[in-house]
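S.K.: structure here, sequence nowhere to be found:
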């Protein structure tokens with residue numbers, strides 16, 4: 001009788017762990033879809049043109065620490081070919097690690113996306129880099145180029161009427 005109860009409790013624990021993993025993976029997938037959709041709809045071609053041929057096809061990895069999820073952005077000079085995948089990068093040229101609480105991840109990514117892709121917009125990122133809420137490993141230049149590609153704040157949608 002004792003072994004049956006123990007097996008049942010192990011099954012319920014496994015089910016709960018799998019459910020938690022599924023919820024985390026879904027959140028990461030939704031963040032990746034949001035980024036792709038916003039760049040497709042409101043993104044500007046200018047930052048993509050500045051990627052250059054030498055960075056074409058390179059991977060930049062975004063790691064969301066509290067969700068334990070990876071989003072891989074593939075750099076391209078054509079906005080229409082912009083792609084992001086929910087997986088760990090094979091050979092990332094840069095890694096961006098976001099270490100804020102799970103509830104604040106969307107706020108950080110939203111702040112990045114809604115910023116203008118200019119020097120002032122990049123300066124706004126310092127509020128995450130200096131206290132360590134976001135860290136860049138690898139090429140800082142490439143990570144900032146990706147950030148500029150994600151920034152859609154110059155779009156007409158954000159202009160005051």
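M.R.: Sure thing, it's come through. Worth saying up front: this structure is predicted, and the values here are computed from it rather than measured.
S.K.: what is the helix or strand hosting residue 123 packed up against?
M.R.: According to DSSP states H and E, residue 123 maps onto helix 119-124. Applying 3 or more C-beta pairs under 8 Å, 6 or more residues apart in numbering; DSSP states H and E, we find helix 119-124 packed against helix 140-150. C-betas here are computed from N, CA, C, even on glycine.
S.K.: quick one: distance of the helix it packs on to the chain centre.
M.R.: With C-alpha atoms, centre = their mean, to the nearest Å as the basis, helix 140-150 stands 12 Å off its chain's centre.
S.K.: and if you look at stretch 75-82?
M.R.: Distance, centroid of stretch 75-82 to centroid of chain: 16 Å (C-alpha atoms, centre = their mean).
S.K.: give me the pLDDT value at residue 151.
M.R.: With respect to pLDDT, residue 151 has a value of 89.
S.K.: residue 135 now?
M.R.: 93.
S.K.: and what of the one 5 residues further on?
M.R.: According to the predicted model, the pLDDT of residue 140 comes to 92.
S.K.: residues near it, how many?
M.R.: Counted by other C-beta atoms under 10 Å, the residues lying close to residue 140 total 12.
S.K.: what's near enough to touch it?
M.R.: Shown in contact with residue 140 (C-beta atoms under 8 Å, 6 or more residues apart in numbering): residue 94.
S.K.: also residue 44?
M.R.: 79, 117, 152, 154-155.
S.K.: give me the contacts around the helix holding residue 123.
M.R.: 111, 115, 144, 147-148, 151, 153.
S.K.: out of those residues, which one sits closest to residue 38?
M.R.: Using C-beta to C-beta, residue 151 comes nearest to residue 38 of the contacts of helix 119-124, at 10.0 Å.
S.K.: what number of residues lie near the closest one?
M.R.: Residue 151: 25 surrounding residues under other C-beta under 10 Å.
S.K.: run a quick check on it versus residue 111, I expect a contact.
M.R.: No - here residue 151 does not reach residue 111: they are 9.9 Å apart, not a contact under C-beta atoms under 8 Å.
S.K.: the least confident helix or strand in the chain by mean pLDDT to helix 140-150, inter-axis angle?
M.R.: For the chain, using mean pLDDT, DSSP states H and E, the weakest element among its helices and strands is helix 2-42, scoring a mean of 80. Taking axes from the mean of the first three to the mean of the last three C-alpha atoms, to 10 degrees, helix 2-42 and helix 140-150 form an angle of 70 degrees between their directions.
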